[in-house]
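Visitor: Return atomic coordinates for the entry below.
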Amino acid sequence: MKIYVASSWRNIYQPEVVRLCRGAGHETYDFRNPGPGDNGFGWSEIDPAWKSWDFERYRELLNHPRAEQGFRLDMGALRDCDACLLVYPCGKSAHLELGWAAGAGRRTAILVPKGIAFPTGAEAEAIFKGHSLYVGGHCKACLALACTVPGNLERSFEPELMSKMADVLLVGQDELVTWLVGLR
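Guide: Next up is the predicted model:
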């Protein structure tokens with residue numbers, strides 16, 4: 001079965017979730033490594049100051065050749081998938097991907113990765129650089145309610161009514177593995 005993992009570049013659990021899906025025998029799309037020599041699309045490839053864009057600049061650069069290429073690759077994998085797994089915490093793109101998959105009749109699941117392994121050592125330092133515990137409800141580094149720094153995950157949960165469109169809501173590795181086995 002082909003699984004599309006919808007998540008965020010800031011989600012530290014995403015690589016382990018991809019590994020678990022592949023370990024269960026599923027062909028799994030990894031937006032961070034969609035193909036040999038391809039490290040996935042990032043807005044910083046177009047402009048290192050992408051976080052300072054206004055909406056008009058963002059709209060204009062959606063048509064940049066690299067953005068078009070990244071979209072074609074990710075959307076192609078989404079169209080080709082049999083199932084879509086959204087991994088919390090994540091942003092708008094992942095929710096759009098799961099919504100598209102649900103509307104297209106694909107099997108869908110939402111995962112809260114509680115207890116799933118995350119990187120350590122130098123890899124973790126690169127991911128956590130500048131992140132800290134919440135101050136006033138937001139991570140000081142990414143200003144997100146959905147920061148993935150360990151300890152913040154449980155505090156970052158926000159109920160979403162439209163999660164009901166997913167076939168199943170999963171919590172942790174055991175429920176994920178059970179779902180993956182049932183996909184066959």
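
Visitor: which stretches of the chain form helices?
Guide: All helices of the chain, identified by DSSP state H, fall at 14-23, 55-61, 65-80, 92-103, 121-128, 172-182.

Visitor: Rank the helices and strands of this protein by mean pLDDT and give me the bottom one.
Guide: strand 134-135 (a mean of 40; mean pLDDT, DSSP states H and E).

Visitor: Run through who's touching stretch 45-61.
Guide: With contact meaning Cβ atoms under 8 Å, 6 or more residues apart in numbering, stretch 45-61 is reached by 43-44, 64, 66-67. Just so you know, the C-beta spots here come from the backbone N, C-alpha and C atoms, and that holds for glycine as well.

Visitor: Centre of the chain to it, how far?
Guide: Relative to its parent chain, stretch 45-61 has a centroid offset of 21 Å by Cα atoms, centre = their mean, to the nearest Å.

Visitor: circling back to that earlier point, Tyr29: which of the helices of the chain is closest?
Guide: Smallest distance to Tyr29 across those (Cβ to Cβ): 4.1 Å, for helix 65-80.

Visitor: separation between Arg107 and Phe118?
Guide: Separation of Arg107 from Phe118 (Cβ to Cβ, to the nearest Å): 26 Å.

Visitor: Then Cys90?
Guide: 15 Å.

Visitor: Who has more neighbours out of those two?
Guide: Neighbour totals were compared for Cys90 and Phe118, and Cys90 leads with 23 against 19 (other Cβ atoms under 10 Å).

Visitor: which residue of the protein sits farthest from its center?
Guide: Glu56 (25.2 Å; Cα atoms, centre = their mean).

Visitor: residues contacting the residue positioned nearest the centre of the chain?
Guide: In the chain, the centroid-proximal residue (Cα atoms, centre = their mean) is Ser7; its distance is 0.7 Å. Residues near Ser7 by Cβ under 8 Å, 6+ apart: 13-14, 17, 31, 86-87, 90, 94.

Visitor: Swap in 10 Å and give it another go.
Guide: 13-15, 17-18, 30-32, 85-91, 93-94, 97, 111, 113, 148 (Cβ atoms under 10 Å, 6 or more residues apart in numbering).

Visitor: from those, which would you call buried?
Guide: For those, a neighbour count by 16 or more other Cβ atoms under 10 Å gives the buried set as 13-15, 17-18, 30-32, 85-90, 94, 97, 111, 113, 148.

Visitor: Need the contacts of stretch 45-61 in CSV (columns: pLDDT).
Guide: Formatted as CSV, these follow (pLDDT from 0 to 100):
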residue, pLDDT
Trp43, 94
Ser44, 92
His64, 98
Arg66, 96
Ala67, 97
